[in-house]
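In: What follows is a predicted structure for the sequence shown.
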Number of protein chains: 2
Amino acid sequence: MRIGLAQQNYMIGDFKGNFEKMKFAIEQGIEANADLLLFSELCVCGYPPRDFLEFKHFIQQCESIVSQLAAIAGNEIAIIVGAPSVNPKKEGKDLFNSAYFIEHGKIKYIANKALLPTYDVFDEYRYFEPGNEFNVVEFKGKKIAITICEDIWDIEDVNPLYRIKPVAELKKYQPDFLVNLSASPFSYIQAKTRMEVVQKNAVQFHLPVFYCNTVGAQTELIFDGGSMVVSADGEIIEEMPYFEECIRFYDIDDSGIRPSILFGHDKLIQDKDKISLIHDALVCGIRDYFKKLGFQKAILGLSGGIDSALVLALAVRALGKENVWSVLMPSKFSSEHSIDDSLALLKSLGSPYKIIPIKEIFDSYTQTLSPHFEGKPFDVTEENLQARIRGNYLMALSNKFGYILLNTTNKSEAAVGYGTLYGDMCGGLAVIADVYKTEVYELCRHINKDGVLIPENILSKAPSAELREGQKDADSLPDYAILDKVLYKYIEEHLGPDEIVALGFDESLVTRILRMVNRNEFKRHQTPPILRISKKSFGSGRRLPIVAKYLE
Amino acid sequence: MRIGLAQQNYMIGDFKGNFEKMKFAIEQGIEANADLLLFSELCVCGYPPRDFLEFKHFIQQCESIVSQLAAIAGNEIAIIVGAPSVNPKKEGKDLFNSAYFIEHGKIKYIANKALLPTYDVFDEYRYFEPGNEFNVVEFKGKKIAITICEDIWDIEDVNPLYRIKPVAELKKYQPDFLVNLSASPFSYIQAKTRMEVVQKNAVQFHLPVFYCNTVGAQTELIFDGGSMVVSADGEIIEEMPYFEECIRFYDIDDSGIRPSILFGHDKLIQDKDKISLIHDALVCGIRDYFKKLGFQKAILGLSGGIDSALVLALAVRALGKENVWSVLMPSKFSSEHSIDDSLALLKSLGSPYKIIPIKEIFDSYTQTLSPHFEGKPFDVTEENLQARIRGNYLMALSNKFGYILLNTTNKSEAAVGYGTLYGDMCGGLAVIADVYKTEVYELCRHINKDGVLIPENILSKAPSAELREGQKDADSLPDYAILDKVLYKYIEEHLGPDEIVALGFDESLVTRILRMVNRNEFKRHQTPPILRISKKSFGSGRRLPIVAKYLE
């Protein structure tokens, strides 16, 4: 039996575009003489469709596409398609998250996702009733167990998240192999974990697994693909590429599983180094954000610091050097090297730029405000004002030319609120706001690995916002090496203050950092969407109250 | 038996403050010789605690407060307290949303919420395992059925949201009465619906109901209280006040239920008119936002239009006239009457103001930008720039004096994206962004009902952003009377384009409006928290993708 996996990049709600992609895959499947073609979770509407699922009209479009795909597949190939389905029972939520098994142009079976992730960035129980009936589907003399994403993830017995185990239920019907339709988003530990999970399922239930993941970015969520086929004893037959579309076929018979026809790739390569993965994910995230919104060009403020340098380098890789405009906006507090370093970077990248000094307009603001300020001294107000003037220039150019402004905030800053709302926190997309400052350095070195693109001076100088005379980040923030560790323990690992102190960090420092994180929730509430590369990013996966008093 | 209801206003994560409040209620209960005192859902930590629930340290604090309350109640009074509890089984999520029944200073029973709302603003399955064991608790010869909020809400049989009915399960144990601990947020239809739900439960299960709700605002969610006691035949014994704390006692015996001792109120009044409710909710929302964050003063931009006039009037009621600073920022496009109308309003409210013209700084920006704009004509860029200059002034004053900027966007504008990011969309709190423009007029008339506070000219002139010569909202937006109806059908009622057209609206208009709503998700992503007064507000209760193509 020849089975294909279609690892494709869909757009949420773009029924026509998604249909065309899937039609192409079906045509490839027919050409390859495949028996069965797998798609990914909710491929028909894109994942995650969020509250669009609450519109009957949206569900009707999904059903219509499923019918059209069935008609195309006809008698030539069987397909398994991910789409919502209507719960026929009156009790429970009105929808299931389903996999439609289609043979001879007809829906033969609908498998419903039983485990609905409702944590971090996932809201599935918001929309779906958990599937609670299990069966295999018979196809050409074989029995197939169909699962969807999370259904295979609750594999450990120590502290399982759910009360039931779908694969154990399905195993009772003696399937010949297991398929899984996924929309499993990237984090830099995800590829490794995902492979372990698929292997554990194969071994524990002694079943070959065909695992088909989606690929591409959906605003903040980046799907890395990495679809795979694993034998019943846990051997990886093949892993498909990361961050790229790919259609691949495999032959399965009594002697085992072998890779067969491959479309569109000479070889399958996955770079599994943490920093390489983050780099590729961010490039994919920028590229898809622009492409799916129908924009070509980006603009950003280039400060001479490392954060904007990294964002520029990533954007140039994602969009092409001619499509990324930098704006240098020196103030009276800008150091000489800020401009020089920026110009050196621009020279090495070959991307266009403008210089718009902000000194005059800043003076004009402060003069106008002076009588209203009642003699109060220079403080964070004037620092913020500079950042906001820059925000105004960037947004004016963005508006006038239709370029999207890229935000250059890093995760350490976003965590402690070291940034100006409506100033440097402006933008359509926050490229590195899930990347800690220490990881920003690692990414820059990674980019420089085959020759210096980001000048060494940008990497070696002390970080500074340059919003007052002689300012350095270190004046008001702990050393990033320590700060990032404490933040990681609090944000990624959910440790409380006592647990972090017990690891050997200074108590007053921990208290100060956690307080900064909690108090700045109001700023993060108004940030652009953040490309998610860690297991806990700011944004939809981390939901904290703005008005609260915890740890204050 | 004397039973008390403590309708109180807690702060999320403020364990000390919440404890002191509850201690006060227990002392009142002891003084009143009450047998039992009910609190509201998750009162110990405040509702909704969101991802704070993912911290062990936070859960430990909750448990500690429960123990301290038990010690205070001791042998003198029994209490039912809302707090998370740890799931003792290995399967499922690690927490329950629980009600602790405490007698003689000991936890005698823990009732777990079975129905976990996971829709709109609610995320409870994100944190909690649904309770799946039911029993009553025996107390002084009576059997009490304990439920939590949603447990009593899935009362209809037509299309129930859940597979089980907790009160039906509890009824099997022959309880004498039902108690419900709630944190049920306000919308302008909620008070009526809530009363119907409680009455239906009483009648359907023939049980007296003691319903205790929380009160006060938690960022965007406003809890209106309205706790109540209902007899077994559905008679309202008493409804407690809206938007105010209240501790009230009731006597129940074989002859029925009677109100008993009341603390802190002469009489209980609830104004149930839609517009009155919205007015009171918004005042409560502003007041608690400031009070809980520890701020006294607000600032806002006063344009001469109706939206900022309404926000000013509401803020003056919530914070006191001396605590709300208006800033008038005329441009060259501002009409004469904008300033005159604003000054008339300020005179009638007696609140302070500043005037900062923006013409010069606007000219300075456009001159600087002119060489970069490559001769492109005046467009939305220059309109946005004016709004952003105003945003800068407001934020500068906010920063310098520690005032919170109030956002004055209404729901119609927020829906169609008629506003400038980082300009008029700035602010710490969006006061009326869940109020449609047509409702803005109704609220102003309500405020004027006992004498004109908002000058008639502000109510009668044509709405305009005054960002270009002779601009009127009607130039680029449909008439608000129609726009608001279409928006309501799409946003509140989830009707699709075909369904809205079928109601008699013009097809091209519907298409245009829905497209505007969907395309401006990126703007709403960066707005301040919005006080929620409808059943579907922008914010955490409405989650749409930013990059999508649905209805485009």
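Out: Looks like it came in fine.
In: And the closest residue to A:Phe243 other than its chain neighbours, what's its pLDDT?
Out: Closest residue to A:Phe243 apart from its sequence neighbours, by Cβ to Cβ, 6 or more residues apart in numbering or on different chains: A:Cys284 at 4.4 Å. Every residue, glycine included, has its C-beta placed from N, CA and C. A:Cys284 is assigned 98 on the pLDDT scale.
In: cool, and the one 4 residues further on?
Out: Among the per-residue scores, A:Asp288 holds a pLDDT of 98.
In: now A:Lys359
Out: For A:Lys359, pLDDT reads 94.
In: That one and A:Ser334 touch, don't they?
Out: No: in this structure, A:Lys359 is not within contact of A:Ser334 by Cβ atoms under 8 Å, at 9.1 Å.
In: who has more neighbours, the two?
Out: More crowded of A:Lys359 and A:Ser334, by other Cβ atoms under 10 Å in any protein chain shown: A:Ser334, with 21 against 15.
In: Up against chain B, what does the stretch 451-552 of chain A have?
Out: Residues of the stretch 451-552 of chain A lying close to chain B (Cβ under 8 Å from any Cβ of the partner chain) are A:494-499, A:522, A:525-529, A:540, A:542-552.
In: Where does the prediction get shaky in chain A?
Out: A:264-267 (pLDDT under 70).
In: hang on, the earlier thing: if any of the residues of the stretch 451-552 of chain A next to chain B are buried, give me the PyMOL selection for them.
Out: Selection of buried members from those for PyMOL, criterion 16 or more other Cβ atoms under 10 Å in any protein chain shown:
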select buried, chain A and resi 494+495+496+497+499+522+525+526+527+528+529+540+542+543+544+545+546+547+548+549+550+551
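In: For the stretch 151-300 of chain A, which segments are assigned as strands?
Out: Assigned by DSSP state E, counting those that start in this stretch, the stretch 151-300 of chain A shows strands spanning A:177-182, A:209-213, A:215-218, A:221-224, A:228-230, A:236-239, A:246-253, A:256-263, A:298-301.
In: Please state the offset of the third one from the chain centre?
Out: The offset between the C-alpha centroid of strand A:215-218 and the centroid of the whole chain comes to 7 Å, using Cα atoms, centre = their mean, to the nearest Å.
In: Could you spell out the sheet neighbours of that strand, each with its direction?
Out: Partners of strand A:215-218 in the sheet, by DSSP bridges, are strand A:221-224 (antiparallel).
In: that older thread, am I right that the residue nearest to A:Phe243 is in contact with A:Ala217?
Out: Yes: here A:Cys284 reaches A:Ala217: they are 5.5 Å apart, a contact under Cβ under 8 Å.
In: The two: which has the busier surroundings?
Out: Using other Cβ under 10 Å, the more surrounded residue of A:Cys284 and A:Ala217 is A:Ala217, with 28 against 24.
In: separation between the closest residue to the more buried one other than its chain neighbours and A:Leu319?
Out: Closest residue in space to A:Ala217, ignoring its immediate chain neighbours: A:Asp288 at 3.7 Å, by Cβ to Cβ, 6+ apart. With the distance defined as Cβ to Cβ, to the nearest Å, A:Asp288 ends up 11 Å from A:Leu319.
In: ok, the residue in the stretch 51-200 of chain A that chain B sits nearest to - how many residues close by?
Out: Going by Cβ to the nearest Cβ, chain B is nearest to A:His57 of the stretch 51-200 of chain A, at 2.5 Å. Neighbourhood size, A:His57 [other Cβ under 10 Å]: 17.
In: For the helix or strand hosting it, name the packing helices and strands.
Out: Assigned by DSSP states H and E, A:His57 belongs to helix A:56-73. Counting contacts by 3 or more Cβ pairs under 8 Å, 6 or more residues apart in numbering or on different chains; DSSP states H and E, helix A:56-73 packs against helix A:15-31, strand A:78-86, strand A:95-103, strand A:106-112, helix B:497-502.
In: right, so these: which one is the most enclosed?
Out: Compared across the helices and strands packed on helix A:56-73, strand A:95-103 shows the largest average neighbour count, a mean of 25 (mean count of other Cβ atoms under 10 Å in any protein chain shown).
In: could you give the angle of that strand to strand A:106-112?
Out: If you take axes from the mean of the first three to the mean of the last three Cα atoms, to 10 degrees, strand A:95-103 sits at 140 degrees to strand A:106-112.
In: Kindly export strand A:95-103 (C-alpha atoms) in PDB.
Out: Coordinates of each C-alpha in strand A:95-103 appear next as PDB, following Å, rounded to 0.1, in the frame of the first residue of the first chain:
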ATOM      1  CA  LEU A  95     -18.500  20.700  16.900                       C
ATOM      2  CA  PHE A  96     -15.800  18.000  16.800                       C
ATOM      3  CA  ASN A  97     -12.300  18.500  15.600                       C
ATOM      4  CA  SER A  98     -12.300  15.700  13.100                       C
ATOM      5  CA  ALA A  99     -10.500  13.700  10.500                       C
ATOM      6  CA  TYR A 100     -12.700  12.700   7.500                       C
ATOM      7  CA  PHE A 101     -11.800   9.400   5.900                       C
ATOM      8  CA  ILE A 102     -12.900   9.600   2.300                       C
ATOM      9  CA  GLU A 103     -13.000   6.600  -0.100                       C
END
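In: which residues make contact with it from outside it?
Out: A:41-42, A:53, A:59, A:66, A:69-70, A:73, A:78-87, A:107-113, A:116, A:124, A:127-129, A:131, A:137, A:139, A:144, A:146-148, A:181 (Cβ atoms under 8 Å, 6 or more residues apart in numbering or on different chains).
In: Before I go, just wanted to say thanks for your time.
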